[in-house]
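Predicted coordinates and the sequence they were generated for:
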Amino acid sequence: MATPDREKQIAQAEEILGDRLQQIGFVKGLFFGQYLADRLLPYPDVAHDAATTSLAQQLREFCAREIDPVAIDKKAEIPQSVISGLGRLGILGACLPTDCGGLGLSQAQYCRLLEVLGGHCGSTALFVNAHHSIGPRALVLFGTEQQKRQYLPRLASGEWISAFALTEPEAGSDAANVQSTATPTADGRGFVINGQKRWITNGGIAQALTLMARTPTADGRDTKITAFIVTPDMPGFEIVEKRMEKMGVRGTATARLAFHDMFVPRENVLGQLGKGLRVALTVLDFGRTTFGASCTGAAKFCVARAVEHVNRRVQFGQTLGNFELVKEKLAYMQAGAFAMEACTYQTAALIDSGEGDFMLETAMLKVFSTETLWRILNDTFQLHGGLAYFTDYPFDRMIRDARINTIGEGANDVLRAFTALVGMRDVGLELQSIRDAIYSPLGNLSRLGRFTGRKLGSLLTSPSVPVRSSELESDAAELGRLVGSLGTNVERLLVHHQLGIVDRQYQLGRVADAATELYVSACVLNRLDYLIRNSHDHNGALRSDLETGRYYLRTARRRIRNSLAALWDNDDEATTNLANQILRKSGTP
């Protein structure tokens, strides 16, 4: 990438992210080689929440009685009876304020409900997530009191369905490339919107949509993205295609929309003019967390079915569970589901605290949970052999449903680059400030002293990872050493590549993978510490959880070391050369 283009993109990104870049959350500390235990928060006590446990059980019974995932997949539609039933249960307004008809649940409580749906029907889970997590959430966070009174009660009950209209032919993961325009009217009463949207979940059935379009800046020299509330009864609103045919989650109404000189009143601006991408990025934090919950539900379903099958199926004179290659899959599946659950509820707790910033944590959770579920599904399919290939088993549908997860709400490779660059940014700024301070040492003695002290300390000891359970001290010490190793490697990369690190995507991917595994490991360790201190079952479920969690920690350490080692010993040049040769042969410029 040319330097002017790179600098322009960096400036745009920093403007969009705004003050979120100045906040230091738990994950940002990892890139410095620090373990900021006070930013992680105690693991949430979701198991002893009687009210949410009761609601989750009611939802589980409703799913078994009313939601037929096979029929939804075949008919490519979620019945109105299901939508109405979810509305009556309060699921469609679970986290919305009680004075607007919602249940006022926390994010952790809501995740328990999405976990139930994710384990039963991928289409229904996505429908609810799109309606609730990224639809009315924007109104709660950014809407005026009038907007909340007008829309939230109907959205909470399910009388109205919501959608989030961001994606366009030229704007997918590159959300800043939205081309739809919102031109102010001469009389100042509103805006005229022209453009198109595609792949909008619930877009063909929604009565209220959050729509992103470009509005001119005050000086008229540029445009910036603004969020609007629009309804399908506005003249110029066109549903080009109500239900786009697709591979999976067929029950959701994924739409193509167009807007032809559609007038939108000024009072329908959501948030501030030109700050639409901040609205989008904020609500996506919530959506990505419930991605983790629905993936956790699906993973638990797979583990249960796989164990049942390999204990029953006999081949070569013994059950499948006796073969080592089967055991390897089962161990990964069980540990992956445990870690996914730990990371989901720990991240939800961060959101519920309202403290600091958690955009990196939610992005990591989304990447980790969707990719772990994909492998678990693949292994479950493999363990069932030919049985899984036929439609009387659920696994072909589940694989088709799950494939969108690594693409939706930010493609995973884009999120990898994002987490690495945002995480490394402050480290780079500190290194730059220290370099500048060296040239003017008298005026910067305190800054140089703090940096030198921290660096000397990191050479002598690893970051402390506090645990209250002595049984976990060795795991905590290992985690601390790897956190310190990440910080050392990040500094070394920045010194070596400087601003050019922006274009080193091989390296960004490895840094992101290592940091993600560290974050998930911290969540698992925190969960284990909580379980030991709050359980009296030292011979049953607790022993199983400890073995599962510690197995995840052990295997994660190996993956982290491999990612960090590959920063300096890799085949990147050969990879690029071969790819370029392929591109040249195909005629691609």
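That came in fine, so what should we check first? Numbers count the residues shown, from 1 in each chain.

Skipping its backbone neighbours, what lies nearest Gly93 in space?
Ala156 (2.7 Å; Cβ to Cβ, 6 or more residues apart in numbering). Yep, even glycine has a C-beta here, placed from its N, CA and C like the rest.

so that neighbour touches Thr98, yeah?
No: taking contacts as Cβ atoms under 8 Å, Ala156 lies outside contact range of Thr98: 9.3 Å.

neighbour count winner among those two?
Legend: neighbour count by other Cβ atoms under 10 Å for Ala156 and Thr98, higher for Ala156 (24 against 11).

tell me which element the residue nearest to Gly93 falls in.
helix 145-157 (DSSP states H and E).

Contacts for the next helix-or-strand element following that helix, please.
Using DSSP H and E, the helix or strand that follows helix 145-157 in sequence is strand 162-165. Strand 162-165 has contacts (Cβ atoms under 8 Å, 6 or more residues apart in numbering) with 130-132, 134-136, 138, 155, 197, 200-203, 206-212, 230, 255, 257, 280, 283.

tell me which residues in the helix or strand where Gly480 lies are buried?
Gly480 belongs to helix 473-497 when assigned by DSSP H and E. Neighbour-count burial for helix 473-497, counted by 16 or more other Cβ atoms under 10 Å, picks out 475-476, 478-480, 482-487, 489-491, 493-494.

tell me which of those is nearest to Pro216?
Leu494 (37.8 Å; Cβ to Cβ).

is it fair to say Gly220 lies in a helix?
No: counting by DSSP: H, G, I helix; E, B strand; the rest coil, Gly220 is not found in a helix; it is coil.

Val264 should be in a strand, yeah?
Yes: the assignment for Val264 (three-state DSSP) places it in a strand.

Could I get the full set of helices for the stretch 1-150 of the chain?
Ranges of helices within the stretch 1-150 of the chain are 3-17, 26-31, 37-40, 50-66, 69-75, 80-89, 107-118, 122-128, 136-142, 145-157, based on DSSP state H, counting those that start in this stretch.

I'd like the ones you listed laid out as a markdown table, including distance to Ala304 and mean pLDDT.
Output for those, formatted as a markdown table (distance: least, Cβ to Cβ, whole Å; pLDDT from 0 to 100):
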| stretch | distance to Ala304 | mean pLDDT |
| --- | --- | --- |
| helix 3-17 | 41 | 56 |
| helix 26-31 | 31 | 95 |
| helix 37-40 | 30 | 92 |
| helix 50-66 | 14 | 96 |
| helix 69-75 | 16 | 97 |
| helix 80-89 | 24 | 97 |
| helix 107-118 | 13 | 96 |
| helix 122-128 | 17 | 97 |
| helix 136-142 | 31 | 91 |
| helix 145-157 | 33 | 95 |
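
Which one of those helices lies nearest to Ser521?
Closest among those, using Cβ to Cβ: helix 26-31, at 10.3 Å.

Remind me what that closest one packs against, helices and strands.
Helices and strands touching helix 26-31, by 3 or more Cβ pairs under 8 Å, 6 or more residues apart in numbering; DSSP states H and E, are helix 37-40, helix 359-384, helix 412-439, helix 473-497, helix 505-534.

let's go with 6 Å and repeat that
Helix 26-31 sits against helix 412-439, helix 473-497, helix 505-534, with contacts defined as 3 or more Cβ pairs under 6 Å, 6 or more residues apart in numbering; DSSP states H and E.

ok, and for the longest one, which residues are buried?
Neighbour counts over helix 505-534 (16+ other Cβ under 10 Å) mark 505, 507-532 as buried.

next one: stretch 67-77
67-69, 72-73, 76-77.

helix/strand/coil for Met212?
Quick answer, by three-state DSSP: Met212 is strand.

ugh, wrong one, Thr183
At Thr183 the chain is in strand, as set by three-state DSSP.

Please flag which of the contacts of strand 162-165 sit within strands.
The members of these that map onto strands under DSSP state E are 197, 200-201, 208-212, 230, 255, 257.

helices and strands of this protein: which one bottoms out on pLDDT?
Each helix and strand of the chain was given a mean pLDDT (mean pLDDT, DSSP states H and E); the minimum falls on helix 445-460 at a mean of 52.

SS state for Ala293?
Three-state call for Ala293 (three-state DSSP): helix.

and it, what is it in contact with?
Ala293 sits next to 111, 114-115, 344 when contact means Cβ atoms under 6 Å, 6 or more residues apart in numbering.

quick one: which two of the residues you listed are the most distant?
Farthest apart among the contacts of Ala293 by Cβ to Cβ are Leu114 and Thr344. That separation is 9.1 Å.

Contact partners for Phe286?
In this structure, Phe286 makes contact with 133, 137, judged by Cβ under 6 Å, 6+ apart.

quick one: secondary structure of Thr226?
Per three-state DSSP, Thr226 ends up strand.

Farthest-apart pair in the buried residues of helix 473-497, please.
Asp475 and Leu494, at 29.2 Å, using Cβ to Cβ across these.

can you list the weak-confidence ranges in this structure?
For the chain, the stretches with pLDDT under 70 are 1-22, 433-460, 537-539, 587-589.

rewinding a little: with just CA atoms, put the helix holding Ala156 into PDB.
The C-alpha trace of helix 145-157 is given here as PDB (Å, rounded to 0.1, in the frame of the first residue of the first chain):
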ATOM      1  CA  GLU A 145     -36.300   9.800  24.300                       C
ATOM      2  CA  GLN A 146     -38.900  10.400  21.600                       C
ATOM      3  CA  GLN A 147     -37.400   7.700  19.300                       C
ATOM      4  CA  LYS A 148     -37.300   5.200  22.200                       C
ATOM      5  CA  ARG A 149     -41.000   5.800  23.100                       C
ATOM      6  CA  GLN A 150     -42.000   5.500  19.400                       C
ATOM      7  CA  TYR A 151     -40.200   2.300  18.500                       C
ATOM      8  CA  LEU A 152     -39.000   0.300  21.500                       C
ATOM      9  CA  PRO A 153     -42.400  -1.000  22.900                       C
ATOM     10  CA  ARG A 154     -43.400  -2.500  19.500                       C
ATOM     11  CA  LEU A 155     -39.900  -4.000  19.000                       C
ATOM     12  CA  ALA A 156     -39.800  -5.400  22.500                       C
ATOM     13  CA  SER A 157     -43.100  -7.300  22.000                       C
END
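
Outside of that helix itself, list whatever touches it.
So helix 145-157 is contacted by 87, 93, 96, 100-102, 136, 139, 160, 162, 208 (Cβ under 6 Å, 6+ apart).

Apply the buried test to the residues you listed and list what passes.
By 16+ other Cβ under 10 Å, these give 87, 93, 96, 100-102, 136, 139, 160, 162, 208 as buried.

Please spell out which residues along stretch 45-59 are buried.
Using 16+ other Cβ under 10 Å as the test for burial, stretch 45-59 gives 46, 49, 52, 55-56, 59.

what about Ile193, which SS state?
strand.

can you count the residues close to it?
24.

For it, give me its contacts.
Here Ile193 is in contact with 182, 213, 259, 262, 264 (criterion: Cβ under 6 Å, 6+ apart).

Check Lys242 too.
When contacts are counted by Cβ under 6 Å, 6+ apart, Lys242 touches 204, 255.

Kindly recompute the last result at 10 Å.
With contacts defined as Cβ atoms under 10 Å, 6 or more residues apart in numbering, Lys242 is in contact with 203-205, 253-257.

for Val192, same thing?
Val192 is in contact with 181-185, 213, 236, 259-264, counting by Cβ under 10 Å, 6+ apart.
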